[in-house]
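Undergrad: Take this sequence and fold it.
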Amino acid sequence: MRCNQGTVVMLLLGGLLGCASTPLPPKELISARKSYERARASAAAELAPTDLHDAREALERAERAFADDDELTEARDLAYLADRRAQLAEALGRMAAAERQRGAALQAYGEVHLALRRRRAPPADPVKPAEPPAQPEVPAARARASGGERPVVIMKGR
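TA: The predicted model follows:
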């Protein structure tokens, strides 16, 4: 079977025109899709689920506006908002993860600090009975206690 060049060219042009009827999504929508997927794969899924849900809803609105094909400007605007919400969700997820790590680090620091203080502290002595305080010796008191004798004081030069 033989094909002439005109037929081949017409078939190729028809195929290209068929593909051209489906417009490409705007770059804002592509960026919003990537940002949402990145946020969904990050800690935001666990630590910022509400913000991630808001980003998903904004992306769905942008996708619907693009599919309606009435207003490409509206689709771009909604895609921009979806992109920013996805970035916000990802950032909030990272922040919550960092806060968890900070809390764990502070707890570990406190435990190590307490262990070091206990190691450095002298061991506690077992409880000993209290001894009465020693009283200073006074010569007159000693003399009275020994039977009333008074010590003799010798003074020179008088």
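
Undergrad: going forward, measure contacts and count neighbours with C-alpha atoms only.
TA: Will do.

Undergrad: how near is residue 37 to residue 56?
TA: 10 Å (CA to CA, to the nearest Å).

Undergrad: just residue 77 next, same as before
TA: Taking CA to CA, one finds residue 77 at 15 Å from residue 56.

Undergrad: When those two are compared, which one has more neighbours?
TA: The residue with more neighbours, out of residue 77 and residue 56, is residue 56; 21 against 15, by other CA atoms under 10 Å.

Undergrad: need the contact list for the more buried one.
TA: 36, 82, 86 (CA atoms under 8 Å, 6 or more residues apart in numbering).

Undergrad: can I get these in CSV with distance to residue 52?
TA: Listed next are those as CSV, based on distance: CA to CA, whole Å:
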residue, distance to residue 52
36, 8
82, 10
86, 6
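
Undergrad: and which of those residues is nearest residue 106?
TA: Of all those, residue 106 sits closest to residue 86, with 30.3 Å by CA to CA.

Undergrad: What is the helix ranked longest in the chain packed up against?
TA: Identified as the longest helix of the chain according to DSSP state H is helix 72-120. Packed against helix 72-120 by the contact rule (3 or more CA pairs under 8 Å, 6 or more residues apart in numbering; DSSP states H and E) you find helix 27-41, helix 44-47, helix 49-68.

Undergrad: buried set for the longest one?
TA: Spelled out, it's helix 49-68. For helix 49-68, a neighbour-count test (16 or more other CA atoms under 10 Å) marks 49, 51-53, 55-56, 58-63, 65-66 as buried.

Undergrad: for these, which one is nearest residue 90?
TA: Of the buried residues of helix 49-68, the one sitting nearest to residue 90 (CA to CA) turns out to be residue 52, at 7.8 Å.

Undergrad: can you pull the contacts of the closest one?
TA: Counting by CA under 8 Å, 6+ apart, residue 52 touches 36, 39, 40, 44, 45, 85, 86, 89, 90.
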